[in-house]
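Trainee: Everything below, folded, please.
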Amino acid sequence: MMRISKCHFGNPCRLCKCFILYTDRDKGTSLNPYGIVAEPYEITEDRCLALCLSDKRCKTVVYGLVGGRNIFACEFYENDDTMDFIYVPFVNSYIPRKGECDTSCKHFILSKMIYFSHILKLGSILLMAYARQFKLSKRSLQQIQ
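Mentor: Below you'll find the model as predicted:
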């Protein structure tokens, strides 16, 4: 029987061995992701990580539960600096390991990514600001406690 680590989200993570895992860590609010996943209800940990491995720009991926109703964040950053990580429960940050990953991403259905530049063009910046503000308010409450 396979043991599931408590730092993962219910399913065994096959691609996690290709990443350095930072449990309960998110990127600081001063940094914006260059991309986010288009289907937050459908994304799994492995599909999020597969999308990062398939994108040359991805240096850090943030995945985790960000709200009720099983909404998961899957955000992609070009920066791999660990000094800007902050504590956020149920959110993990992953940095791809150097070298090739011996686990294939071919059997994962790659999700669509929304690039930050496209979000600006579509006028959806309000949605991103709301999501960031929601994350900020949760962080503020946790820091007070």
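Trainee: looking at this, Val61 is in a strand?
Mentor: Yes - Val61 forms part of a strand when assessed by DSSP: H, G, I helix; E, B strand; the rest coil.
Trainee: Nearest residue to it in space, please, no chain neighbours.
Mentor: Cys52 (4.1 Å; C-beta to C-beta, 6 or more residues apart in numbering). From N, CA and C alone the C-beta is placed, and that goes for glycine too.
Trainee: Next: Cys58.
Mentor: Cys58's closest residue in space is Cys52 (C-beta to C-beta, 6+ apart), at 4.0 Å.
Trainee: who's in contact with the helix or strand harbouring the residue nearest to Val61?
Mentor: Following DSSP states H and E, one finds Cys52 within helix 45-53. If you take C-beta atoms under 8 Å, 6 or more residues apart in numbering as the criterion, helix 45-53 is touched by 8-9, 11, 13-16, 18-19, 37, 58, 61, 63, 72, 74, 76, 94, 96, 101, 105, 108-111, 113.
Trainee: Only whichever of these are buried, select them in ChimeraX.
Mentor: This is the ChimeraX syntax for the buried subset of those, where burial follows 16 or more other C-beta atoms under 10 Å:
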select :8,9,13,14,15,16,18,19,37,58,61,63,72,74,76,94,96,105,108,111,113
